[in-house]
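1. have a look; sequence and predicted model below, questions after that.
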Amino acid sequence: LELAADLQRALIEQQFAIEYQPVVDLATSRVTAVEALVRWWRGSVFVPPESFLGPAEDTGLIVPLGEWILREACREVAAWRASSWDIGLSLNLSARQITAPRFVETVEEALAESGLPASALTLEVIEEMLVEDAEETIKRLSELRALGVRLAIDDFGTGYASLAFLRQLPVDMIKIDPSFVSGLGRDDTLTLLTSTIVRLGHDLGLIVVAEGIERPEQLDLLKRMGCTRGQGFLVARPMAARGVDSLMRTSLTV
Ligand code: G
Ligand code: G
Ligand code: MN
Ligand code: NA
């Protein structure tokens, strides 16, 4: 497979980069965390994650790539915390990464070598990873949670097992999928579903993050619903490390 060879070379030649998207507390507009998002610049051509994450997963290259992202992001976020404010780090995981040998140990090492406290790291997973043959995945995520690492369900509401999922794994956070947030104020059903998810999350004692906020109306409604945190292009776009650097130096709100 040509793409597989290219991915391998890209890893060796360090063609990958990490962008960080701020997540804010909706009550204060303060940046509480950043979500790490992998980027691949193949020469001057940008390859979107949707085109290479699947092949990286199929070939197993997601394991070394994910480990690089984990170590690099922990290191960068620990440095921002040291110079400014105690932000958290959210990382997206693929199933293959979680079940790879030494995954739990690798996370522990990344925390130890960066000095990032376990409680500052949130691992984002999607429902599909936990529905079928997921015993090993759930076991490892539970081990990490016992160490103090937080767990989030990404794209919440889109998988048919959303609610069953909450029983299988002790999670700390749900991230409401943009497909709900997009309809806020425009579509009565989506608005109602969003507020229902916010209430459900809060009743379960979870942090609720709304994703894909693009319009002021959405932000307004989410604040009124009491949604804990928000993320989206209106709040802040994903940015290179130096962007976070200056954000952390100049202001803690966006
Ligand atoms: O931010 P962006 O639209 O580029 O992300 C596209 C998709 O890629 C999202 O579903 C996101 O969760 C996923 N993704 C981004 N970065 C990573 C990563 O470091 N690891 C994994 N497994 N998925 C990622
Ligand atoms: O699946 P996950 O939630 O990890 O996906 C994150 C992706 O969503 C990233 O690729 C990021 O660039 C993208 N994203 C973040 N905020 C917005 C937004 O407001 N609108 C859209 N369309 N995409 C967004
Ligand atoms: Mn995510
Ligand atoms: Na999401």
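-> In hand now; what should we look at? Ligands and ions are numbered 1, 2, ... in the order given.
2. buried residues, the helix or strand bottoming out on mean pLDDT in the chain. List them.
-> Lowest on mean pLDDT, DSSP states H and E among the helices and strands of the chain sits helix 162-168, with a mean of 77. Neighbour counts over helix 162-168 (16 or more other Cβ atoms under 10 Å) mark 162, 165-166, 168 as buried. C-betas here are computed from N, CA, C, even on glycine.
3. so which of those comes closest to Glu211?
-> Checking these against Glu211 with Cβ to Cβ, the nearest one is Ser162 at 14.8 Å.
4. my guess is the closest one meets Phe156, correct?
-> Yes. Between Ser162 and Phe156 there is a contact at 6.3 Å, judged by Cβ atoms under 8 Å.
5. in contact with the closest residue to Pro178 other than its chain neighbours, which residues?
-> Of all residues not flanking Pro178 in the chain, Gly212 sits nearest, at 2.6 Å (Cβ to Cβ, 6 or more residues apart in numbering). Neighbouring residues of Gly212 by Cβ atoms under 8 Å, 6 or more residues apart in numbering: 177-179, 181-182, 231-233.
6. now restrict these to buried residues only.
-> By neighbour count, with 16+ other Cβ under 10 Å, the contacts of Gly212 hold 177-178, 181-182, 231-232 as buried.
7. endpoints of stretch 8-20, how far apart?
-> End-to-end distance for stretch 8-20: 23 Å, by Cα to Cα, to the nearest Å.
8. residues in contact with that stretch: which ones?
-> Applying Cβ under 8 Å, 6+ apart, the external contacts of stretch 8-20 come out as 34-42, 61, 64-65, 68-69, 72-73, 76, 238-241, 243-244.
9. got a PyMOL select line for the buried ones in those residues?
-> PyMOL command restricting those to the buried ones, with burial defined by 16+ other Cβ under 10 Å:
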select buried, resi 34+35+36+37+38+40+61+64+65+69+72+73+76+238+239+241+244
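10. quick one: which of the contacts of stretch 8-20 sit in helices?
-> Mapping these onto helices (DSSP state H) picks out 64-65, 68-69, 72-73, 76, 241, 243-244.
11. leaving out chain neighbours, which residue sits closest to the residue in the stretch 1-150 of the chain positioned nearest to ligand 4?
-> Closest residue of the stretch 1-150 of the chain to ligand 4, Cβ to the ion: Glu124 (7.5 Å). Closest residue to Glu124 apart from its sequence neighbours, by Cβ to Cβ, 6+ apart: Asp154 at 4.2 Å.
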